[in-house]
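Student: Below are the sequence and a predicted model for it; my questions follow.
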Amino acid sequence: MLKLLIVICCILFALPSLALRSTEVTSLPGVIWGVGFIESNHLILSLRDGELYSYKMKVQTKKKLNPPNVIAKGQGGLMDVLYKSPYIYMTYTKKSSGELTTALARAEFNLKKPLVWQDLFVAKVQGGSNVHFGSRVVFHKNSLFMTIGDRGKRDLAQSLEHHNGKILRLTLEGKPHPENPFLNQKKALPEIWSYGHRNPQGLAVNKLNGKLYSSEFGPKGGDELNLIERGKNYGWPVITYGREYWGPKIGTTQKKGMQQPLLHWTPSISPSGLHHYSGANYKSLNDSFLLACLSDQHIRQVQPTKKGTFVQTEHFKKMNERIRHIKESPDGWLYFTTDSGKLFKIIN
């Protein structure tokens, strides 16, 4: 009997642990919205309030950089950041034609002198409130995708004449991508890739199949994970699984010609950043979507099965942190940020 127990214990200890742990890397004075990797140990971190930092992890040094001329108001401010040599790409809020809107800018990266920012794209929106700006950006096949929220003008998410509630595809110079679906449609804005979105703050490319996915805030319930396809209508506000904050239904849940989400959540989990992991550093996360959740304060792992269903697991909920974004470094490690201004590394 003793020998059997010893054998069982040896097997258990030999099995890889599925539990994930995290270690704090650094902290900053505000909501860390975006993370861009210059290289595996060198990051650019954006604070929604308008500050931008370079951080070198090995030597633990921070350098304050000059951001674009951002207007930080409500849910807007300095938002996503990406790096593609030699440029930093940044989304931020600014005034345009009397409206507060979402813009994309870039600057050639150089730690030895101030950054010189150039606006590549400024969204054409209507919006009298300070909510639902988006905004995530991902690179894909020498282009970039960018999300724009509905700005509180929900009906405009169905209008191809406005950028409210859209996912855009742009060239690296900020022009409409030549494969976009509405290039030659009268009155339609040529940057639009998909429409009918409420406030997509998560955007990710699955490296295994090359497809684009988004996570999106519903109203009261109805948060979504979507497969984003060219020219498709994702329904907001005509269809949704959410309700008004005071209770009544909003439209219906299904309509011909409008896409159904892969998953939806009621009560809300408030999915912000989104990442698809397919590396070797975390075996338990392979081929999983990872959603950084704000109100529900965890990272939601969504793993597809061969049967077309999904297995969902919650990580880091006991930290009691609003988790804003999750990002993979060039050497395959995962990092996440919080609204309390902390950057964490996920370790096995």
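Tutor: Looks like it arrived, so ask away.

Student: Restricting to C-alpha, output stretch 133-152 in CSV.
Tutor: The C-alpha coordinates for stretch 133-152 follow below in CSV (Å, rounded to 0.1, in the frame of the first residue of the first chain):
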residue,chain,number,x,y,z
PHE,A,133,-14.3,55.4,-28.1
GLY,A,134,-13.0,51.8,-28.7
SER,A,135,-10.0,51.5,-29.2
ARG,A,136,-7.7,48.6,-30.0
VAL,A,137,-5.3,48.2,-32.9
VAL,A,138,-3.7,45.0,-34.3
PHE,A,139,-1.3,44.5,-37.2
HIS,A,140,-2.2,41.9,-39.8
LYS,A,141,-0.6,41.2,-43.2
ASN,A,142,1.0,44.6,-43.6
SER,A,143,-2.2,46.4,-42.6
LEU,A,144,-3.9,47.2,-39.3
PHE,A,145,-7.3,46.8,-37.9
MET,A,146,-8.8,49.5,-35.5
THR,A,147,-11.9,49.6,-33.4
ILE,A,148,-14.3,52.5,-32.9
GLY,A,149,-17.1,52.5,-30.4
ASP,A,150,-20.6,53.8,-31.1
ARG,A,151,-19.9,57.0,-29.0
GLY,A,152,-23.3,56.6,-27.4
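
Student: Do a quick rundown of the strands in the stretch 151-300 of the chain.
Tutor: Assigned strands in the stretch 151-300 of the chain, in chain order: 166-171, 192-195, 200-205, 212-216, 223-228, 263-265, 271-277, 288-293, 298-304 (criterion: DSSP state E, counting those that start in this stretch).

Student: In JSON lines: the ones you listed, plus mean pLDDT and mean neighbour count.
Tutor: For every residue, glycine as well, the C-beta is placed using N, CA and C. Conversion of the strands of the stretch 151-300 of the chain to JSON lines gives the following (pLDDT from 0 to 100; neighbours: other CB atoms under 10 Å):
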{"stretch": "strand 166-171", "mean pLDDT": "98", "mean neighbour count": "24"}
{"stretch": "strand 192-195", "mean pLDDT": "98", "mean neighbour count": "25"}
{"stretch": "strand 200-205", "mean pLDDT": "98", "mean neighbour count": "26"}
{"stretch": "strand 212-216", "mean pLDDT": "98", "mean neighbour count": "25"}
{"stretch": "strand 223-228", "mean pLDDT": "98", "mean neighbour count": "24"}
{"stretch": "strand 263-265", "mean pLDDT": "98", "mean neighbour count": "20"}
{"stretch": "strand 271-277", "mean pLDDT": "98", "mean neighbour count": "25"}
{"stretch": "strand 288-293", "mean pLDDT": "98", "mean neighbour count": "26"}
{"stretch": "strand 298-304", "mean pLDDT": "97", "mean neighbour count": "21"}
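
Student: Could you export those as TSV, including distance to Lys63?
Tutor: Converted to TSV, the strands of the stretch 151-300 of the chain look like this (distance: least, CB to CB, whole Å):
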stretch	distance to Lys63
strand 166-171	29
strand 192-195	35
strand 200-205	27
strand 212-216	31
strand 223-228	35
strand 263-265	39
strand 271-277	24
strand 288-293	26
strand 298-304	29
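
Student: quick one: which of those strands is nearest Ser54?
Tutor: strand 271-277 (20.3 Å; CB to CB).

Student: Just list what that closest one packs against, helices and strands only.
Tutor: Identification of packing neighbours for strand 271-277 by 3 or more CB pairs under 8 Å, 6 or more residues apart in numbering; DSSP states H and E yields strand 200-205, strand 212-216, strand 223-228, strand 288-293, strand 323-328, strand 334-338.

Student: Export the ones you listed as CSV, with columns for distance to His162.
Tutor: Putting the helices and strands packed on strand 271-277 into CSV (distance: least, CB to CB, whole Å) gives the following:
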stretch, distance to His162
strand 200-205, 15
strand 212-216, 18
strand 223-228, 19
strand 288-293, 27
strand 323-328, 27
strand 334-338, 30
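
Student: which stretches of the stretch 1-150 of the chain aren't confidently modelled?
Tutor: Filtered on pLDDT under 70, the stretch 1-150 of the chain yields the residue ranges 1-18.

Student: ok, 80 please
Tutor: Across the stretch 1-150 of the chain, the ranges flagged by pLDDT under 80 are 1-18, 128.

Student: Tell me where it has strands.
Tutor: Counting by DSSP E, counting those that start in this stretch, the stretch 1-150 of the chain forms strands over residues 21-27, 32-39, 42-47, 52-56, 61-65, 78-84, 87-96, 99-108, 118-122, 137-140, 143-148, given from the N-terminal end onward.

Student: Any chance of CSV for these, columns mean neighbour count and distance to Ser295?
Tutor: Shown next, in CSV, are those (neighbours: other CB atoms under 10 Å; distance: least, CB to CB, whole Å):
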stretch, mean neighbour count, distance to Ser295
strand 21-27, 13, 20
strand 32-39, 22, 17
strand 42-47, 24, 20
strand 52-56, 19, 26
strand 61-65, 12, 29
strand 78-84, 22, 19
strand 87-96, 22, 22
strand 99-108, 21, 22
strand 118-122, 17, 30
strand 137-140, 18, 24
strand 143-148, 25, 19
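
Student: TSV for these, including distance to Glu191?
Tutor: What follows is the strands of the stretch 1-150 of the chain, written out as TSV (distance: least, CB to CB, whole Å):
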stretch	distance to Glu191
strand 21-27	35
strand 32-39	21
strand 42-47	22
strand 52-56	25
strand 61-65	27
strand 78-84	17
strand 87-96	14
strand 99-108	10
strand 118-122	7
strand 137-140	13
strand 143-148	8
